[in-house]
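# Can you look at this prediction? I've put the sequence above it.
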Amino acid sequence: MTLQPAQARIIAIGRPSLFGDRTGTRPHVVTTDADAVRFDGRHLTIRATHAAACTTTLSDGRSITSAIGPVPSPIPLTSWHLTVKDWRPVSKIAHSLTLDPLVPWSAIPELADASGVGTYTTTVDLTDTSAYLELGEITDTCRVRVNGRPLAPVDQIHPVIDLAGVLSRQPYGLLGPVRLVPYAEAEVQT
């Protein structure tokens with residue numbers, strides 16, 4: 001595993017049956033030259049962004065070569081519609097712009113001094129294929145929606161989102177149980 005500065009990953013270590021392997025003998029991946037490996041509950045799956053013959057070595061010593069067929073070329077997304085809710089000290093101003101290509105707000109006269117929330121939209125036809133959405137450089141925070149459906153939170157250090165949405169959200173926030181525990185006091189007689 002390779003992490004960038006300020007990135008974090010959670011690694012779960014537990015009893016053999018924790019992830020469905022009741023005996024603890026199911027082979028797992030030790031190394032691979034594929035881009036990624038995932039386990040869907042029944043099968044190991046490798047992933048690559050280009051055609052390749054990828055070799056995966058399992059914990060039982062087997063070395064398996066899997067073919068990744070042709071993969072479409074990356075699609076640059078250059079034409080965007082940007083709507084901005086510009087929060088001014090006394091009012092809110094709405095802006096609606098077309099950007100081709102993307103530029104920072106400071107380079108757009110209407111937004112040079114804007115502060116608020118921007119919504120970028122673009123349209124792409126992506127049928128019969130899975131893809132990552134590489135966001136490039138991001139300032140501040142962002143959320144991504146595809147066809148109105150929110151995707152997992154974006155890692156600002158490595159802003160790449162799996163559009164297939166294979167990762168589930170992690171539980172966070174106030175999880176309880178929350179209690180109000182009354183108490184009484186008594187003066188200590190000295």
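Thanks, I have it.

# Any regions of this protein where pLDDT drops low?
Applying pLDDT under 70 to the chain flags residues 16-24, 165-190.

# Would you state the strands of it in chain order?
29-32, 36-39, 44-47, 52-58, 63-68, 80-87, 92-99, 116-121, 132-134, 145-146, 149-150, 160-162 (DSSP state E).

# Save these as a markdown table, and put in distance to residue 9 and mean neighbour count too.
In short, each C-beta sits where N, CA and C put it, glycine included. As requested, these are exported to a markdown table (distance: least, Cβ to Cβ, whole Å; neighbours: other Cβ atoms under 10 Å):
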| stretch | distance to residue 9 | mean neighbour count |
| --- | --- | --- |
| strand 29-32 | 16 | 15 |
| strand 36-39 | 13 | 14 |
| strand 44-47 | 17 | 17 |
| strand 52-58 | 20 | 15 |
| strand 63-68 | 24 | 12 |
| strand 80-87 | 31 | 16 |
| strand 92-99 | 34 | 12 |
| strand 116-121 | 28 | 13 |
| strand 132-134 | 17 | 14 |
| strand 145-146 | 24 | 12 |
| strand 149-150 | 22 | 10 |
| strand 160-162 | 14 | 16 |
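
# out of those, nearest to residue 12?
Comparison of the strands of the chain against residue 12 by Cβ to Cβ identifies strand 36-39 as nearest, at 12.3 Å.

# Kindly reformat the strands of the chain as CSV containing distance to residue 110.
Listed next are the strands of the chain as CSV, based on distance: least, Cβ to Cβ, whole Å:
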stretch, distance to residue 110
strand 29-32, 48
strand 36-39, 41
strand 44-47, 41
strand 52-58, 46
strand 63-68, 45
strand 80-87, 8
strand 92-99, 5
strand 116-121, 12
strand 132-134, 27
strand 145-146, 24
strand 149-150, 28
strand 160-162, 28
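
# Ok, which of these comes nearest residue 4?
Closest of the strands of the chain to residue 4 is strand 160-162, at 11.4 Å (criterion: Cβ to Cβ).

# on that earlier part again, which of the strands of the chain sits closest to residue 8?
Judging the strands of the chain by Cβ to Cβ, what sits closest to residue 8 is strand 160-162, at 15.8 Å.
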